[in-house]
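Asker: I need the structure of the sequence given here:
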Amino acid sequence: MKAAVYYETGGPDVFRYEDVPDPEPGVGEILVHVEAVSIEGGDTLNRLRGELSHTPHIVGYQCAGTVVSVGEGTTEFAVGDRVVTVGVDGSHAELRAVGQSFCWSVPPGLTVEEAACVPVPFGTADDCLFEFGRLQPGETALIHAGASGVGIAAIQLAKRAGARVLATASSPSRLERLGEFGLDGGIDYTSTDFVDEVRRLTDGKGADVIVDSIGGPTLQKSLHCLAYRGRCVTFGDAGREFAAKLDISSMRPGNQTLVGYFLGAELFLSPRPHALIAGHLADIASGELRVVIDRRFPLAEAGEAHAYIESRQAFGRVLLVP
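Answerer: Just a heads-up that it's a prediction; the model follows:
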């Protein structure tokens, strides 16, 4: 099979488009012919500085396609089924072997490309807002990187739950587009201090729940615009500043909470997120929720696709198509 691989971590130019051996499905696994790869923020971070479990390494959390064979003991799926899959790596390829417990059926009415955009962004957004953020109707949620896959998912989910939704983005035009997904207040972080703006938009109260994918100095500032008993959930380092130390002394007087989150751990250790994500797939198929696909790149142009994501021009998901 063809795959986008690399032999060392680094910038997008480390990718090579090469022939590699076809994977074989093991016990309880399925082999998927990949038709769409949704590039996640974690994929770009792993390419930049992650561990290489194999050399050449195939990065990638999430993809969707059609089952072409099944391993021994596989009971949930059959050849010909359309599925979306999540794994620790291996999505940037024409074929992927993955455990059946990390797969979901693609419902009627949903394209494979749309399904490829769902589990990680919507699962992460839902858990950050509700399972760990405990967002309630009438509260205010602040979503960083509102134009990202997780951001667009979180805006819709928070609005559907009856919350007031604020978000940051890098331009007024991106914030304007977010209005159709339920955004109540947009903050252009390139021209405005988001802490001051959150305080202004909430009459000094602050945000009850903050979903922070940026990390670094942004995470520190997020703590400064929490409401009394506010909850900040951090799940990424999209800002690429990894070594920042947090001062949490401001949190104690406000009885505030900081939570770290990783969807992968929940998927490995709990059956709860599987049903949650299946529900999101159904809701998107019915039109209740939406995914946004910004651009498609051939798998051979994985480096260009990663560079485009890192340029922060994308609105929604960027796909690789084998």
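Asker: sec struct for the residue nearest to G264 when sequence neighbours are not counted, please.
Answerer: In space, and not counting its chain neighbours, G264 is closest to V88: 7.0 Å by Cβ to Cβ, 6 or more residues apart in numbering. Every C-beta, even on glycine, is put in place using the N, C-alpha and C of the backbone. At V88 the chain is in coil, as set by DSSP: H, G, I helix; E, B strand; the rest coil.
Asker: which SSE is the residue most central in space within the chain in?
Answerer: Nearest to the mean C-alpha position of the chain, counting by Cα atoms, centre = their mean, stands P121 at 3.3 Å. Using DSSP states H and E, P121 sits in helix 119-126.
Asker: Using CSV, list the CA coordinates for that helix.
Answerer: Extracted as CSV, the C-alpha positions of helix 119-126 are listed here (Å, rounded to 0.1, in the frame of the first residue of the first chain):
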residue,chain,number,x,y,z
PRO,A,119,-15.1,11.0,16.7
VAL,A,120,-12.1,13.0,17.9
PRO,A,121,-13.5,16.5,17.5
PHE,A,122,-17.0,15.8,18.8
GLY,A,123,-16.0,13.3,21.4
THR,A,124,-13.4,15.8,22.8
ALA,A,125,-15.7,18.8,22.6
ASP,A,126,-18.6,16.9,24.4
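Asker: Could you list the low-pLDDT ranges of the chain?
Answerer: Across the chain, the ranges flagged by pLDDT under 70 are 239-244.
Asker: domains for it, by residue range?
Answerer: Here the domain parsing of the chain from automatic domain parsing is 2-117+291-321, 121-263.
Asker: E176 contacts L183, correct?
Answerer: No: using Cβ atoms under 8 Å, E176 and L183 do not qualify as a contacting pair, with a distance of 9.0 Å.
Asker: So for those two, which sits in the more crowded spot?
Answerer: Neighbour comparison, E176 and L183: the larger count goes to L183, with 24 against 12 (by other Cβ atoms under 10 Å).
Asker: isn't the residue nearest to G264 right next to L263, touching?
Answerer: No: using Cβ under 8 Å as the test, V88 is too far from L263 to be in contact (11.6 Å).
Asker: Fine, thanks again, bye for now.
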